[in-house]
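**Q** here is a sequence with its predicted model. Questions after.
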Amino acid sequence: MMRRIKAAAVKDSNGVLHTARMHDDTGVIGERGFLLNDGSFVDRYEGMKVARESGQLIDDEGREDLHSRMTMMDDYPDDVGPGKENDVISEKIALVCCNPLFCSLAERFGRDFKKVYLHIPYAGSFPTMNSGLIGTGLKNVELVDDVFGPHFDKVDIFIFPDLGTAALQIHLEKLGKRVWGPRNAEELEQYRELCKKLMEERGLPVQPWKVVKGVTALETHLKAHPRQHVKIDKWRGVTETFFSPEWDVVEPKVHAIANDIGGFKEELEFIVEDDLPDRVEVGIDTYCIDGMYPDNTLFGIEAKDMGYVGQMVKWDDIPEPLRRWNETFAPLFAQYGCRASVSNEVRIGKDLKPYMVDATIRAPSPPSELWQELFTNLSEIVWYGSEGILVEPKPAGKWGVEVLLKSQWAKDNWQAVDYPEKYANQIKLYNCVVIDGKRFVVTQHEDMIEIGAVVGWGDTLEEAVEHAREAGESIKGYGIKFNMGPIDTVNKAIEELVEIGISPFKMDKEEKQSKPD
């Protein structure tokens, strides 16, 4: 007898199974999985494999790509899956909880959901309007002071695109709420040494690294070891990752860190990694639903003087070394119950050893701003993904481009940003408010000059580049820099992957002809 999914099931604390069409319909808190037609209980990850083998994946309204989800369960033949509820999303209310960088995401969801509440945590001894009122004036977005409150019972889905809220996500799920977020999988990004140790345990290549505690130990290490990448765990406000070619070059940087954190300077732990020269950096920018990835995903590179460039590719067309980290960690993501964006940065060379140097278990920037428009069904992906159902993306084009906007002025001042309304969906601003019809990026007084991004897409690389360039060049504002280099820089980066023999990019004939000799 071929094994098939019979029903969604939840095993309670006493080991008793409760079945229904969907997990939340059981009304029981416990281990989620599936009841099979042979009477056995399997977890969600194994359940997906069973569904694939038994053919319980159905075609979505004639599209060639199969939705990676369980449907047409034996006990529930009337269940036709997400297709029948597409229009229902417009009647649902979402709450987005994030930091100010992702306020454009709330505005994007506002185009599909009936209403979007936005909560940006701003707690502190002396709260300011500049931090507490980000999102003011965004269309179909209403600011709220907390996840809980008078609006709570109205919310149909809670969306967490960022880190630091795992316990809240799990609590909401236990209350029976739909939740999009990484849950405890966020620790793979927040605690780099944990991720590295898990990689080592699973036989994945990891570049030489160690943890040093305190700036004195860091100074000693950097003096003895040139070409080091210096990182820290969750305290990103202290410093972003920086490269130390040699001690004399980074001495001012390390001393500035020591000065800023004062008495904590010998308590802070640094992760130092050997450089990996002569390698190309690439990434799979996708999402993960309980260990499952879409069959059609975005694969990208960061090209010098251009920004982020990605192409929609089939999962199986990505060379195995570049998929290795994702596929090795898939069972772990299933255990975490991760239903969120997952991106990685892989450095690979002629030896074809894929060194995954950084995991991003949240909305990456870039290219999450590009996702907002490239994935035309983003709200559907999130809505069903929150229930453990993986929906394939419906891309607006084969290629996508994202270029960061920068302004030195915006570090300490409100930045007015003006552009024609026809480009509104292509321009994604951080820390954004709309007052009297005018858009502003509100300073957070952080060491950051990026104020947002411009995105473009098309069926060829040239179309995507020109789409982004046209929108970017329309922007007006004091001190705003939109720098977009020639397309040849992208072709050169792709050519490096071709030379190594691990490029998943598929160039059209016109694009191949445009490559430099």
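**A** Okay, I see it.
**Q** identify the residue nearest the residue nearest to the spatial centre of the chain in space, chain neighbours excluded?
**A** By Cα atoms, centre = their mean, the chain has its centre lying nearest to residue 363, at 2.8 Å. Nearest residue to residue 363, sequence neighbours excluded (Cβ to Cβ, 6 or more residues apart in numbering): residue 161, at 3.9 Å. C-beta here means a position set from N, CA and C on the backbone, and glycine is covered the same way.
**Q** and for residue 200?
**A** residue 206 (5.5 Å).
**Q** residues in contact with the one you found?
**A** 196, 199, 200, 355 (Cβ atoms under 8 Å, 6 or more residues apart in numbering).
**Q** tell me the secondary structure of it, please.
**A** Put simply, residue 206 is coil when judged by DSSP: H, G, I helix; E, B strand; the rest coil.
**Q** same question for the one 5 residues further on.
**A** Put simply, residue 211 is strand when judged by three-state DSSP.
**Q** what's the neighbour count on it?
**A** Residue 211: 13 surrounding residues under other Cβ atoms under 10 Å.
**Q** that one reaches residue 268, doesn't it?
**A** No: counting by Cβ atoms under 8 Å, residue 211 sits too far from residue 268 to count as a contact (10.8 Å).
**Q** check the spacing between the residue nearest to residue 200 and residue 347 real quick.
**A** Remark: distance between residue 206 and residue 347 (Cβ to Cβ, to the nearest Å) = 11 Å.
**Q** what do those two both touch?
**A** residue 355.
**Q** quick one on the thing from earlier: so what pLDDT did the residue nearest to residue 200 get?
**A** Per-residue confidence (pLDDT) for residue 206: 97.
**Q** next, count neighbours for residue 126.
**A** 4.
**Q** from residue 503, how far out is residue 495?
**A** From residue 495 over to residue 503 (counting by Cβ to Cβ), the distance is 8 Å.
**Q** neighbours around the residue nearest to residue 363, how many?
**A** Neighbours around residue 161, by other Cβ under 10 Å: 23.
**Q** quick check, it in a strand?
**A** No: using three-state DSSP, the assignment for residue 161 is coil, not a strand.
**Q** between residue 495 and residue 503, which one's more packed in?
**A** Remark: of residue 495 and residue 503, residue 503 carries more neighbours, 21 against 15, as counted by other Cβ under 10 Å.
**Q** from what I can see that one touches residue 497, true?
**A** Yes: Residue 503 sits in contact with residue 497 when judged by Cβ under 8 Å, with a separation of 3.6 Å.
**Q** circling back: ok, now which ones touch the residue nearest to the centre of the chain?
**A** With Cβ under 8 Å, 6+ apart, residue 363 has these contacts: 98, 102, 105, 161, 162, 341, 371.
**Q** could you redo the last one with a cut-off of 6 Å?
**A** 102, 161, 341 (Cβ atoms under 6 Å, 6 or more residues apart in numbering).
**Q** is it in a helix, a strand, or coil?
**A** Under three-state DSSP, the three-state class of residue 363 is coil.
**Q** what of the one 10 residues further on?
**A** What three-state DSSP gives for residue 373 is helix.
**Q** measure how buried it is and give me the count.
**A** Neighbour number of residue 373 under other Cβ under 10 Å is 21.
**Q** kindly report the same for residue 268.
**A** Around residue 268 there are 19 other residues, counting by other Cβ under 10 Å.
**Q** again with residue 448
**A** 15.
**Q** check what pLDDT it gets.
**A** So, for residue 448, pLDDT stands at 88.
**Q** what residues are up against the closest residue to residue 90 other than its chain neighbours?
**A** Distances taken as Cβ to Cβ, 6+ apart put residue 114 closest to residue 90, at 6.0 Å, once the chain neighbours are dropped. Residue 114 makes contacts with 91, 92, 93, as judged by Cβ under 6 Å, 6+ apart.
**Q** can you check residue 375 too?
**A** Per Cβ under 6 Å, 6+ apart, neighbours of residue 375: residue 393.
**Q** I'd like the distance between it and residue 301.
**A** Counting by Cβ to Cβ - residue 375 and residue 301 are separated by 19 Å.
**Q** please enumerate the strands of the stretch 351-500 of the chain.
**A** 355-360, 399-406, 415-417, 427-429, 432-435, 438-441, 450-458 (DSSP state E, counting those that start in this stretch).
**Q** how about the ones you listed in a markdown table, adding mean neighbour count and distance to residue 45?
**A** Converted to a markdown table, the strands of the stretch 351-500 of the chain look like this (neighbours: other Cβ atoms under 10 Å; distance: least, Cβ to Cβ, whole Å):
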| stretch | mean neighbour count | distance to residue 45 |
| --- | --- | --- |
| strand 355-360 | 21 | 19 |
| strand 399-406 | 26 | 29 |
| strand 415-417 | 20 | 44 |
| strand 427-429 | 25 | 33 |
| strand 432-435 | 19 | 38 |
| strand 438-441 | 20 | 41 |
| strand 450-458 | 24 | 32 |
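**Q** alright, that wraps it up for me.
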